[in-house]
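Chemist: here is a sequence with its predicted model. Questions after.
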Amino acid sequence: PTIHADAPMRCETIDPLSEERWQRFVDESANATIFHHRDWLRLLHDQYRYRMLACCVTDGGGEILAGLPLAQISSRLTGTRIVAVPFSDACAPLAREGGDRAALERLLEGIRAEHERSGIDMEIRAAIDGVGNSGARFHRHEVALQPGLDAVTARLSKLTRRSIARARSEGVQVVLATDRQDLKSFDRLHVRT
């Protein structure tokens, strides 16, 4: 897509489930995670009936320069709130490749303005000054997987390495599986633990 850099930026709210330009933007964003992806947002919509939207900054041609997916949650217990996004570890605003800082700042201004206008609590699971609850109650864990299994294993604690060795000696196997029966087996084990 052509970016119209000289055109004025504007904030708009789109439906990330039906707008092709949302997924195109996510696919082209180096910092996108599964939590920005349309399939994750559709899962939340289908399973929990959350209204999904994306707050975006677009150029004069309508191309997305920066954006953040949001879920509107209405609950009798917790009231109405907007979350970016439920059941995620972290979901920070995205900007186009190259980090268009002006577009990201415009996006945050738009989110702040909506928060002030609506008075609806907002939970954004990223550190953003002045925008609702930054999700400080949540923790993000990352494990670098380079440069290979031996290097990753060497960084584990002695207790963890011993536990892995014991599991192997007792016949525990890791199997990549995708069929329905394996999913049911995993679910049974997950529920038991």
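Modeler: Nice, I can see it.
Chemist: name the helix or strand for residue 12, please.
Modeler: Element membership of residue 12 [criterion: DSSP states H and E] is strand 10-14.
Chemist: same for that strand, what does it pack against?
Modeler: strand 51-58, helix 101-118 (3 or more Cβ pairs under 8 Å, 6 or more residues apart in numbering; DSSP states H and E). To be clear about C-beta, it is placed using only N, CA and C from the backbone, and glycine gets the same treatment.
Chemist: given the strand ranked longest in the chain, what are its sheet partners and their directions?
Modeler: Taking residue count as the measure and DSSP state E as the definition, the longest strand of the chain comes out as strand 64-75. The strands beside strand 64-75 in its sheet (DSSP bridges) come out as strand 51-58 (antiparallel), strand 79-84 (antiparallel), strand 94-95 (antiparallel).
Chemist: state the mean pLDDT of it.
Modeler: The average pLDDT within strand 64-75 is 93.
Chemist: off-centre distance for that strand?
Modeler: Relative to its chain's centre, strand 64-75 lies at 10 Å (Cα atoms, centre = their mean, to the nearest Å).
Chemist: and the residue nearest the centre of this structure?
Modeler: Of all residues in the chain, the one closest to the mean position by Cα atoms, centre = their mean is residue 35, 2.7 Å from it.
Chemist: quick one: residues contacting it.
Modeler: Each residue near residue 35 by Cβ atoms under 8 Å, 6 or more residues apart in numbering is listed here: 69, 85, 88, 89, 90, 91.
Chemist: list only buried entries from these.
Modeler: Neighbour-count burial within the contacts of residue 35 applies to 69, 85, 88, 90, 91; the criterion is 16 or more other Cβ atoms under 10 Å.
Chemist: before we move on, the earlier item: mean neighbour count, the strands paired with strand 64-75: which tops it?
Modeler: Sort the strands paired with strand 64-75 by mean neighbour count, taking mean count of other Cβ atoms under 10 Å, and strand 94-95 sits at the top with a mean of 24.
Chemist: what does it rub up against?
Modeler: Strand 94-95 is contacted from outside by 25-26, 29, 31-32, 36, 65-68, 101, 103-104, 107, using Cβ under 8 Å, 6+ apart.
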